[in-house]
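A.B. asks: Using only what follows, build the 3D model:
(chains A, B, C and D)
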Protein chains: 2
Amino acid sequence: MKVTIYDVAKKAGVSISTVSRVINNTGRISEKTKKKVLEVIETLQYQPSVVASALTGKRTRTIGLIIPDVANPFFAEIARSVEDRGRELGFNLLMCNTDNNPDTEEMYLSLLKQKSVDGIIIGTTTKNYTIIKDLLQERFPIALIAQDIPELTIDVVCVDDFLGGYMATSHLVSLGHKKIAIMLGSMNHTSEKFRFQAYRQVLEENGIEYDEKLVLYTDYSIENSRRAALEILQSPQRPSAIFAHFDSLAIGVYQAAKELGLNIPDDLSVIGFDNTILATIVDPPLTTIAQPIHEMGRQVMDLLVQEIEGNKKLKQRVILPPELIVRHSTKENARS
Amino acid sequence: MKVTIYDVAKKAGVSISTVSRVINNTGRISEKTKKKVLEVIETLQYQPSVVASALTGKRTRTIGLIIPDVANPFFAEIARSVEDRGRELGFNLLMCNTDNNPDTEEMYLSLLKQKSVDGIIIGTTTKNYTIIKDLLQERFPIALIAQDIPELTIDVVCVDDFLGGYMATSHLVSLGHKKIAIMLGSMNHTSEKFRFQAYRQVLEENGIEYDEKLVLYTDYSIENSRRAALEILQSPQRPSAIFAHFDSLAIGVYQAAKELGLNIPDDLSVIGFDNTILATIVDPPLTTIAQPIHEMGRQVMDLLVQEIEGNKKLKQRVILPPELIVRHSTKENARS
DNA sequence: TTGAAAGCGCTAACAA
DNA sequence: TTGTTAGCGCTTTCAA
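C.D. replies: Now for the predicted structure:
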């Protein structure tokens, strides 16, 4: 049978509260009994049950992480960085993939509460505002990563998407590109809205007319971005550059370009967003806007844990700066 | 305050045991009271506490997943497939990244037990045999994925690594390659041992002399595989083909080849292993040995859950067949 | 078909 | 400094 606090108490010749005290390092205990208890714990290989202690109101030291899909390199890296910080702080991660399906998300939200997680980190482009509002209302620790819901007072850590979009578009414009297509995953994504706004603003600032034919919609799949790129690249308004909202979408553009015998960057400049591992291994290496993923993971975890420990009064938005990483997929516009 | 089973009982005018019964669908209850209780549960938004029920000996319906690194696409895909099956079966995943560090792994193993997970899936190249043996001894549900420990009687799901190595090497040999380098992550990995044995056997069967200078050791990083490839490709025994034990290592080979102005597949054939997303996005697309990742995730979860539910007497090894995916990184040996 | 009550392993008053 | 005891929210006999 599993060894419990009673076994330890009996063997050490003390009461269970004494054992509890030495485990949690609370109250005052004589060095002697403390040593004795520690010894017994050691020899009995006693491990306190988190379940039992959670039932008395203590933390489970477990946090739920809700993301669309870990198989997506961006979220895999997010998950990793969150977990790293969690480990440092003594928290485990319960991983939930939703594919951005609101029902799955709702299911998980409720399940995580049943499992008494101490807090939840959300990285999906959720539409379940109501549920989140309820959670917030009952002061359940919750934080957003890589996604913002401006209409909510909530802890969030994300990159400055407007600035990122601005950098990306400016980079292209500075290279002499005028026909710049922009490829979106979905307009529901707040981040994408900002990136798109920046795109438009840069065009305007540079006297380039906005052409909605150059706005490409896809889902988040490489396959669909390939298709969208294939189409626009064969159309009369063939762009000389494409700003893809995610590195993965840029990959689809690469594939389309290759199929059409177009050289990147000579015939077409491509810039991505995220700076995942994908950006470094494609050929040519992808110019992209880096999100400080590692830092983001660290910061959400910090924010959430502060919330959990209760030493935080105000919600805050942490907006981290993106960075333009110039590699070899962008070049001066040859047609200009 | 959180609504408990007592609140429901009181409001429904029944005892808590009755409520418990309708929740768990046990015992016989009159339709009438059942309906009444269900109603109250609904209006009160009651959600049973997993923590409390776990304390009485029921499952936590949580499983620990120990892997080296989710940021590695192979393990990300493994994690995803395991989670998918877990969701279907009503289990959540506690994600643990160890970087193959035995101490971290040991820490997690102990933590997971404290948290009363119902079982553990291990995907790391663990060296903690003793701990695993202990776990096995006390009949703790545990299963291995993508890795085998032949000396243990344990549930495992993995690909037929020998066959995979055989396919890879044969493919290269059939293309006329004689100087075939093999790139390993580490010889501690059981999978790699099998792949390596197969490599040697194919050479032997084809009368090709084994040259240990063609055995390249790296860690698992792209950077180091790049370096190793750079070296061998500039040495007198420059191979005409390289069998990389992981797709990621193949990427390093690509980078080295590019640096040296070598064309793949004209000047050098490269074959990988895993068939992760990486294989599809590099240029040229990578010929590789596919692991049936999705199926593997599904099967470990099934195995583990059977173990958990106790309707399984024998441990079993599920060895799934690999598949050769020929893309464009391998070609007939021009030098032959 | 239902209820009372013991107990799961632990924490935290409260007493001593 | 240490021990006793009452819960935490639930499941499960055992009785009724």
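A.B. asks: ok so A:Ile319 is a helix residue?
C.D. replies: No: assessed with DSSP: H, G, I helix; E, B strand; the rest coil, A:Ile319 is strand; it does not lie in a helix.
A.B. asks: got the contact list for the closest residue to it other than its chain neighbours?
C.D. replies: Nearest residue to A:Ile319, sequence neighbours excluded (C-beta to C-beta, 6 or more residues apart in numbering or on different chains): A:Asp160, at 4.9 Å. All C-beta spots, glycine's among them, are computed from the backbone N, C-alpha and C. Shown in contact with A:Asp160 (C-beta atoms under 8 Å, 6 or more residues apart in numbering or on different chains): A:319-322.
A.B. asks: interface residues of the stretch 51-200 of chain A facing chain B?
C.D. replies: Counting by C-beta under 8 Å from any C-beta of the partner chain, the stretch 51-200 of chain A comes close to chain B at A:51-52, A:54-55, A:60, A:62, A:65, A:69-71, A:73, A:76-77, A:79-80, A:83-84, A:87, A:92-97, A:104, A:110-111, A:113-116.
A.B. asks: Show me how chain A divides into domains.
C.D. replies: Per the record, chain A has its domains at A:5-48, A:62-160+A:292-321, A:161-291, by automatic domain parsing.
A.B. asks: can you give me the helices in the stretch 101-250 of chain A?
C.D. replies: Secondary structure of the stretch 101-250 of chain A by DSSP state H, counting those that start in this stretch: the helices cover A:102-114, A:129-137, A:161-174, A:190-205, A:222-233, A:247-259.
A.B. asks: Now do the shortest one: which elements does it pack against?
C.D. replies: Helices and strands touching helix A:129-137, as assessed by 3 or more C-beta pairs under 8 Å, 6 or more residues apart in numbering or on different chains; DSSP states H and E, comprise helix A:102-114, strand A:142-145.
A.B. asks: what's in contact with that helix?
C.D. replies: Residues outside helix A:129-137 that contact it (C-beta under 8 Å, 6+ apart) are A:106, A:109, A:120, A:122, A:126, A:142, A:149, A:151-154.
A.B. asks: If we use 6 Å, what do you get?
C.D. replies: A:109, A:142 (C-beta atoms under 6 Å, 6 or more residues apart in numbering or on different chains).
A.B. asks: Report the angle between it and helix A:102-114.
C.D. replies: With axes from the mean of the first three to the mean of the last three C-alpha atoms, to 10 degrees applied, the angle from helix A:129-137 to helix A:102-114 works out at 20 degrees.
A.B. asks: Tell me which other helices or strands the strand or helix carrying A:Phe74 touches.
C.D. replies: According to DSSP states H and E, A:Phe74 maps onto helix A:73-89. Counting contacts by 3 or more C-beta pairs under 6 Å, 6 or more residues apart in numbering or on different chains; DSSP states H and E, helix A:73-89 packs against helix A:293-309.
A.B. asks: what mean pLDDT does the helix it packs on have?
C.D. replies: For helix A:293-309, the mean per-residue pLDDT is 97.
A.B. asks: Count the residues that sit near A:Ala12.
C.D. replies: Neighbours of A:Ala12 under the rule other C-beta atoms under 10 Å in any protein chain shown: 20.
A.B. asks: do you know how far the closest residue to it other than its chain neighbours is from B:Met107?
C.D. replies: With C-beta to C-beta, 6+ apart as the criterion, A:Ala12 has its nearest non-adjacent residue at 4.3 Å, and that residue is A:Val40. Using C-beta to C-beta, to the nearest Å, A:Val40 is found at 22 Å from B:Met107.
A.B. asks: These two: which is more packed in?
C.D. replies: A:Val40 (21 against 14).
A.B. asks: mind checking pLDDT for the closest residue to DNA strand C within the stretch 151-300 of chain A?
C.D. replies: Closest approach between the stretch 151-300 of chain A and DNA strand C, counting by C-beta to the nearest atom of the strand: A:Asp155, at 25.3 Å. At A:Asp155, the model reports a pLDDT of 97.
A.B. asks: Okay, and the beta partners of it?
C.D. replies: Applying DSSP bridges to A:Asp155 gives these bridge partners: A:Ala143.
A.B. asks: Please give me every residue in contact with it.
C.D. replies: Taking C-beta under 6 Å, 6+ apart, one finds A:143, A:303, A:315 in contact with A:Asp155.
A.B. asks: Apart from its neighbours in sequence, what residue is nearest A:Val14?
C.D. replies: Nearest non-adjacent residue to A:Val14 (C-beta to C-beta, 6+ apart): A:Thr33, at 5.9 Å.
A.B. asks: now A:Leu163
C.D. replies: A:Pro322 (5.9 Å).
A.B. asks: For the one you found, give me its contacts.
C.D. replies: A:159-160, A:163-164, A:289.
A.B. asks: Determine which two of those residues are furthest apart.
C.D. replies: Pairwise distances across those peak at 10.0 Å for A:Asp160 and A:Ile289 (criterion: C-beta to C-beta).
A.B. asks: about what we covered before: looking at the domains of chain A, which is closest to B:Ser329?
C.D. replies: domain A:161-291 (12.1 Å).
A.B. asks: first vs last residue of that closest one, how far apart are they?
C.D. replies: 9 Å (C-alpha to C-alpha, to the nearest Å).
A.B. asks: Repeat that for stretch A:269-281.
C.D. replies: From its first residue to its last, stretch A:269-281 covers 17 Å (C-alpha to C-alpha).
A.B. asks: Output the contacts of A:Pro322 in JSON lines, with pLDDT and distance to DNA strand D appended to each entry.
C.D. replies: Formatted as JSON lines, the contacts of A:Pro322 follow (pLDDT from 0 to 100; distance: C-beta to the nearest atom of the strand, whole Å):
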{"residue": "A:Val159", "pLDDT": "97", "distance to DNA strand D": "40"}
{"residue": "A:Asp160", "pLDDT": "97", "distance to DNA strand D": "42"}
{"residue": "A:Leu163", "pLDDT": "98", "distance to DNA strand D": "46"}
{"residue": "A:Gly164", "pLDDT": "98", "distance to DNA strand D": "45"}
{"residue": "A:Ile289", "pLDDT": "98", "distance to DNA strand D": "47"}
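A.B. asks: Quick check on the residues you listed: which are buried?
C.D. replies: A:159-160, A:163-164, A:289 (16 or more other C-beta atoms under 10 Å in any protein chain shown).
A.B. asks: dump the residue contacts of the residue of chain A found nearest DNA strand D.
C.D. replies: DNA strand D sits closest to A:Arg28 of chain A, with a gap of 2.4 Å, by C-beta to the nearest atom of the strand. Shown in contact with A:Arg28 (C-beta under 6 Å, 6+ apart): no residues.
A.B. asks: Could you tell me how many residues sit around the closest residue to A:Arg317 other than its chain neighbours?
C.D. replies: Sequence neighbours aside, A:Val156 is the residue nearest to A:Arg317 in space, at 5.0 Å (criterion: C-beta to C-beta, 6+ apart). The number of residues packed near A:Val156 is 24, by other C-beta under 10 Å.
A.B. asks: Would you enumerate the residues in contact with A:Val156?
C.D. replies: Applying C-beta under 6 Å, 6+ apart, we find A:Val156 in contact with A:144, A:148, A:317.
A.B. asks: any idea which of these is least confident?
C.D. replies: A:Asp148 (91).
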